[in-house]
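Student: Sequence and computational prediction follow.
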Amino acid sequence: MKFVADLHIHSKYSRATSRDMEVPKLAQWAKLKGITLLGTGDFTHHLWLEELKRYLTPLEDKGLFIYEGVYFVLSGEISSIFSQKGRVYRVHNLVLSPSFSIIEEINKLLSFYGNLASDGRPILGISCEKLAEELFKISEDIMLIPAHIWTPWFSVFGSNSGFNSLEEAFGKYIDKITALETGLSSDPSMNWRLSKLDKFSLVSNSDSHSPSRIGREANVFDCELNYWEIKKVLETKDRKKFLYTIEFFPEEGKYHYDGHRNCGVRFHPKETKIHKGVCPKCGKPLTRGVLNRVEELADREKGFVPPSAIPYKSFVPLDEIIAEAKGLRKGAKEVERTYLELVNSFGSEFNILVELAEEELFSKLPPKIAEGVKRVRRGSLNILPGFDGEYGQIKIFGQEEERDQLTLF
């Protein structure tokens, strides 16, 4: 069975999230996006856990749950802040479980390391290695996935927070890591430059804080819709069953380039090197982004593709394509109306962006939107890279085309 899975989101109980991040809304948007399997997020929070138990029907033989035709997998993100060998590390890890009973044991354990009720993504004083040790004492069925592994401030390889190797972080438990999450500011090709990552499946998830953003990154499988089957596919890096990932263009991520947002300084790593890592306007250290950190740790040239690599496809969300085609801001009512009309006509956003043949695009979609989807598929874009917490800016059409807006309907 071919399906799309987004395993990492957050609930309304996490900081800076929409109040609409609740099960009915998530199921509604999963259908619009074309997502079959969605992570619940935030299983450590007691109020969210109560809601999950109220809404979700367990499918014990599958290790999954269902609500109104959408499948869910129990997931949560742990923010670890800890000292190791005289240095402070800040790392986020994604944890998945096949049952509420295992979740209860996980939460009981983690409550000794911090306040689980403080946030949907709790901050705990537990190292990566200790977290792995404790989790796998509870159950070998648990999936442990380092989250957005390159983000500067909170990740296993982060320039300001992380390690230089997975071995340093997870010690003897490194072989129990299920997969690695690349994050919005990197794509698989950037990760392929590190030979030590070859044995791991690279997953992509939205880390969404609002329902409309789920699926902006995701994973496409062709296997049994079953927790243990998915776990096995990821652990064995089965290319016949893990078809590809859906990616942001990494330049659009908030931490692709280096820079200093307060001063409006945005640098490619080469420029950062020229300025010795210091902001030329204020003299403070620049935030080194994902591209810089990959360059620092890479042992291969750009463009190398490992024989075992899982393919990927990069896209721009449909509402962004519509907004630019119409010359409107992304949140405009007209953009929302057009988005819903198109998605309801063609089944899902995934179908439009990925599955619809090019001739169908131009015969069935408004011409400029069809042209936008075509350009996104081909990567024919102009992108001003994101830096220091600011998203990058994607331009699909040139200025002349924007001035000469085509009639859409």
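Tutor: Great, that's in hand.

Student: Point me to the helix or strand that includes the residue nearest to R329 when sequence neighbours are not counted.
Tutor: Nearest residue to R329, sequence neighbours excluded (CB to CB, 6 or more residues apart in numbering): A323, at 6.3 Å. No exception for glycine: its C-beta is placed from N, CA and C like everyone else's. A323 is located in helix 318-326, with elements delineated by DSSP states H and E.

Student: circling back: quick check: the gap between the residue nearest to R329 and E247.
Tutor: 20 Å (CB to CB, to the nearest Å).

Student: Same check on D119?
Tutor: Taking CB to CB, one finds D119 at 28 Å from E247.

Student: ok, the two, which is more surrounded?
Tutor: Comparing D119 with E247 by neighbour count (other CB atoms under 10 Å), the higher total belongs to E247, at 23 against 18.

Student: Give the full set of residues in contact with the more buried one.
Tutor: T182, D187, P188, S204, E217, Y312, K313, S314, F315 (CB atoms under 8 Å, 6 or more residues apart in numbering).

Student: what's the burial count for the fifth one?
Tutor: Residues within reach of E217, counting by other CB under 10 Å, total 28.

Student: Excluding chain neighbours, what is closest to it?
Tutor: S204 (3.9 Å).

Student: State the distance from that neighbour to E129.
Tutor: 25 Å.

Student: Break this structure down into its domains, please.
Tutor: Listed by automatic domain parsing, the domain ranges of the chain are 2-251, 317-403.

Student: re earlier: more neighbours, S204 and E129?
Tutor: Neighbour count, other CB under 10 Å: between S204 and E129, S204 has more, with 28 against 18.

Student: I'd guessed that one sits against V220; true?
Tutor: No - S204 lies out of contact with V220 (CB atoms under 8 Å); the separation is 9.9 Å.

Student: Other residues contacting stretch 58-71?
Tutor: 23-24, 26-27, 30-31, 35-38, 40, 52, 55-57, 72-74, 98-100, 141, 225-228.

Student: so how far does that stretch reach from one end to the other?
Tutor: 10 Å (CA to CA, to the nearest Å).

Student: what about the nearest residue to P317 once chain neighbours are set aside, which SS state?
Tutor: What sits nearest to P317 in space, not counting adjacent residues and going by CB to CB, 6+ apart, is R216, at 5.6 Å. The three-state assignment at R216 reads coil, by DSSP: H, G, I helix; E, B strand; the rest coil.

Student: Now do the lengthiest helix in the chain, average pLDDT.
Tutor: Determined from DSSP state H, the single longest helix within the chain is helix 333-346. Summarised as a single mean, pLDDT over helix 333-346 is 96.

Student: roughly how far is that helix from the heart of the chain?
Tutor: Relative to the chain's own centre, helix 333-346 is displaced by 24 Å; criterion: CA atoms, centre = their mean, to the nearest Å.

Student: What is the helix or strand just after that helix packed up against?
Tutor: Note on helix 333-346: by DSSP H and E, the next helix or strand toward the C-terminus is helix 349-350. The helices and strands touching helix 349-350, judged by 3 or more CB pairs under 8 Å, 6 or more residues apart in numbering; DSSP states H and E, are helix 23-33.

Student: re the thing from before, my read: the residue nearest to R329 touches E336, true?
Tutor: No - at 9.8 Å, A323 and E336 do not qualify as touching, with contact defined as CB under 8 Å.

Student: Could you tell me the angle between the lengthiest strand in the chain and helix 23-33?
Tutor: Under DSSP state E, the strand in the chain containing the largest number of residues is strand 70-84. Interaxial angle of strand 70-84 relative to helix 23-33 (axes from the mean of the first three to the mean of the last three CA atoms, to 10 degrees): 110 degrees.

Student: check contacts around the residue nearest to the spatial centre of the chain.
Tutor: Centroid check for the chain by CA atoms, centre = their mean gives N205 as the closest residue, at 3.0 Å. N205 makes contacts with D6, L7, H8, I9, G39, L94, E181, E217, A218, N219, as judged by CB under 8 Å, 6+ apart.

Student: In three-state terms, label it for me.
Tutor: Going by three-state DSSP: N205 is coil.

Student: That one - nearest residue in space that isn't next to it in sequence?
Tutor: Closest to N205 by CB to CB, 6+ apart is H8, at 3.5 Å.

Student: gap between the one you found and E334?
Tutor: 31 Å.

Student: quick revisit: list the contacts for the residue nearest to P317?
Tutor: Taking CB under 8 Å, 6+ apart, we find R216 in contact with L184, S206, S208, F248, P317.

Student: Test my guess that the first one contacts F249.
Tutor: No - using CB under 8 Å, L184 and F249 do not qualify as a contacting pair, with a distance of 9.5 Å.

Student: any idea how far I35 is from S206?
Tutor: 9 Å.

Student: what's the answer for D238, then?
Tutor: D238 is 23 Å from S206, by CB to CB.

Student: Among those two, which residue is more densely surrounded?
Tutor: Neighbours were counted for D238 and for S206 using other CB under 10 Å; S206 has more, 24 against 16.

Student: so who does the more buried one touch?
Tutor: Here S206 is in contact with D6, H8, I9, R213, I214, G215, R216, E217, A218 (criterion: CB under 8 Å, 6+ apart).

Student: How about A332?
Tutor: Applying CB under 8 Å, 6+ apart to A332 gives the contacts A323, K326.

Student: Could you check how far it is from L94?
Tutor: Distance from A332 to L94, counting by CB to CB: 33 Å.

Student: And for R239?
Tutor: R239 is 22 Å from L94, by CB to CB.

Student: Those two: which is more packed in?
Tutor: Comparing R239 with L94 by neighbour count (other CB under 10 Å), the higher total belongs to L94, at 25 against 15.

Student: quick one: strands adjacent to whichever strand or helix holds the more buried one?
Tutor: For L94, the element it lies in under DSSP H and E is strand 87-97. Here strand 87-97 is paired, per DSSP bridges, with strand 70-84 (antiparallel), strand 143-146 (antiparallel).

Student: and the ones you listed as a markdown table, adding mean pLDDT?
Tutor: Listed next are the strands paired with strand 87-97 as a markdown table, based on pLDDT from 0 to 100:
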| stretch | mean pLDDT |
| --- | --- |
| strand 70-84 | 98 |
| strand 143-146 | 98 |
